[in-house]
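K.L.:
Prediction below, plus the sequence it came from.
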Amino acid sequence: MLTWISGALLVLLVGGWVVLNYACGERYHRLATLSMEGLRLQKVAPPLLFLLERGKVPMRLPIVFYRMQASIQKIHGLRHSAEMTLLFMAEALGYTWLILIGGCVWSVVSGDSTGLIGGLGLGALLPVALTKDLHKKVMLREQDIILELPELLNKIVLLVGAGETVQRAVIHCVERNENMNHPLYIELKRMVLEWEGGHPFQQAFEQFNKRCGIQEVSIFTTTVLLNFRRGGNDFVLALRDLSRVLWEKRKAIGRTRGEQASSKLVLPMVVIFMIVIVLLGAPAFMMMNM
């Protein structure tokens with residue numbers, strides 16, 4: 001009976017995808033080609049995007065959707081963030097679809113229900129795991145920015161103290177780290193490009209603050225915008241005070257990461273200890289038995 005159910009579900013999954021892929025229209029095929037780092041199933045996404053939008057999933061699960069969108073905005077920017085969120089949800093649904101197909105094939109071939117049950121279980125858990133991984137990437141990105149921000153502030157303080165303007169100091173820092181694939185410098189490069197494209201200094205800095213979405217960057221932006229017109233000692237002192245606070249936060253994050261790394265080493269160390277005990281104890285027991 002379960003073999004027939006698995007076969008029917010397999011036909012429904014594959015046949016439904018083929019029909020929807022033909023019927024969903026060019027709009028969803030264009031949406032699936034949107035450039036987004038980390039996606040691997042964009043070729044199977046159009047029918048799934050169609051299902052998500054027609055099923056009004058963003059409206060039915062607004063908290064989940066907007067949390068995902070907030071995380072995606074921090075990683076990929078504000079532009080096309082709603083479309084990217086739908087694409088990420090389609091990616092998670094695509095993995096579930098493939099796992100279900102694999103489970104059904106296994107059940108049909110082996111005549112066992114293990115494949116179907118395993119496919120249903122993994123298919124339900126994988127979207128949750130992908131969402132947690134997305135939020136973890138955002139948290140690590142925020143920590144990376146906070147860790148690098150005090151270094152940037154020190155450089156700006158030195159350059160402004162030597163007579164450079166704030167704009168020139170930031171441009172100099174970006175040029176020195178042009179090949180550095182760091183989220184803070186990536187956002188600073190975008191800000192410099194906005195200046196060069198004619199955006200006002202204040203507007204570009206505010207957009208930089210929104211893209212980073214971190215309280216520490218917001219304090220840095222506010223400090224710069226309030227004091228950069230004054231220049232001189234007032235501006236340098238304000239940045240130095242902020243730098244001291246950020247160095248303390250950097251130390252706290254460093255301690256937290258060290259504790260996390262130590263906790264990850266506990267299990268491998270226990271396993272190695274058990275292996276050593278077995279290797280040393282087995283010959284002794286064998287000699288005692290002899």
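P.N.:
Cool, got the structure.

K.L.:
Which other helices and strands does whichever strand or helix holds residue 267 contact?
P.N.:
Assignment of secondary structure by DSSP states H and E places residue 267 within helix 232-289. Other helices and strands packing on helix 232-289, by 3 or more C-beta pairs under 8 Å, 6 or more residues apart in numbering; DSSP states H and E, are helix 114-161, helix 215-227. Heads up, the C-betas are built off the backbone N, CA and C, glycines and all.

K.L.:
between that helix and helix 215-227, what angle do the directions make?
P.N.:
Orientation check (axes from the mean of the first three to the mean of the last three C-alpha atoms, to 10 degrees): helix 232-289 against helix 215-227 gives 170 degrees.

K.L.:
average pLDDT across helix 232-289?
P.N.:
Predicted confidence along helix 232-289 averages 73 (mean pLDDT).

K.L.:
related to what we said a few turns ago, let me have the helices and strands packed on helix 232-289 in TSV, extended by distance to residue 92 and mean neighbour count.
P.N.:
As requested, the helices and strands packed on helix 232-289 are exported to TSV (distance: least, C-beta to C-beta, whole Å; neighbours: other C-beta atoms under 10 Å):
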stretch	distance to residue 92	mean neighbour count
helix 114-161	4	16
helix 215-227	29	17
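
K.L.:
Which of those helices has the lowest mean pLDDT?
P.N.:
Taking each of the helices and strands packed on helix 232-289 in turn, the one with the lowest mean pLDDT is helix 215-227, at a mean of 83.

K.L.:
Need the contact partners of stretch 202-217.
P.N.:
Stretch 202-217 is contacted by residues 70, 73-74, 77-78, 142, 145-146, 149, 183-184, 187-188, 190-191, 194-195, 199, 218, 221, 224-225, 246, 249 when judged by C-beta atoms under 8 Å, 6 or more residues apart in numbering.

K.L.:
Go ahead and confirm residue 103 touches residue 112.
P.N.:
No: checked against C-beta atoms under 8 Å, the pair residue 103 and residue 112 is beyond contact range at 10.6 Å.

K.L.:
Those two: which has the busier surroundings?
P.N.:
Under the criterion of other C-beta atoms under 10 Å, the comparison of residue 103 against residue 112 puts residue 103 first, with 24 against 14.

K.L.:
Which of the helices or strands spans the more buried one?
P.N.:
When elements are defined using DSSP H and E, residue 103 is found to belong to helix 81-110.

K.L.:
ok, the closest residue to residue 131 other than its chain neighbours to residue 112 distance?
P.N.:
Leaving aside its chain neighbours, residue 131 sits nearest to residue 68 (6.7 Å; criterion: C-beta to C-beta, 6 or more residues apart in numbering). Between residue 68 and residue 112 the distance, using C-beta to C-beta, to the nearest Å, works out to 36 Å.

K.L.:
related to what we said a few turns ago, residue 76 versus the residue nearest to residue 131, what's the distance?
P.N.:
12 Å.

K.L.:
Looking at those two, which one has more neighbours?
P.N.:
When neighbours are counted by other C-beta under 10 Å, residue 68 and residue 76 differ, and residue 68 comes out ahead with 23 against 19.

K.L.:
so that one makes contact with residue 133?
P.N.:
No: between residue 68 and residue 133 there is no contact under C-beta under 8 Å: 11.7 Å.

K.L.:
For residue 167, list the residues it contacts.
P.N.:
For residue 167, the contacting residues are 195, 201, by C-beta under 8 Å, 6+ apart.
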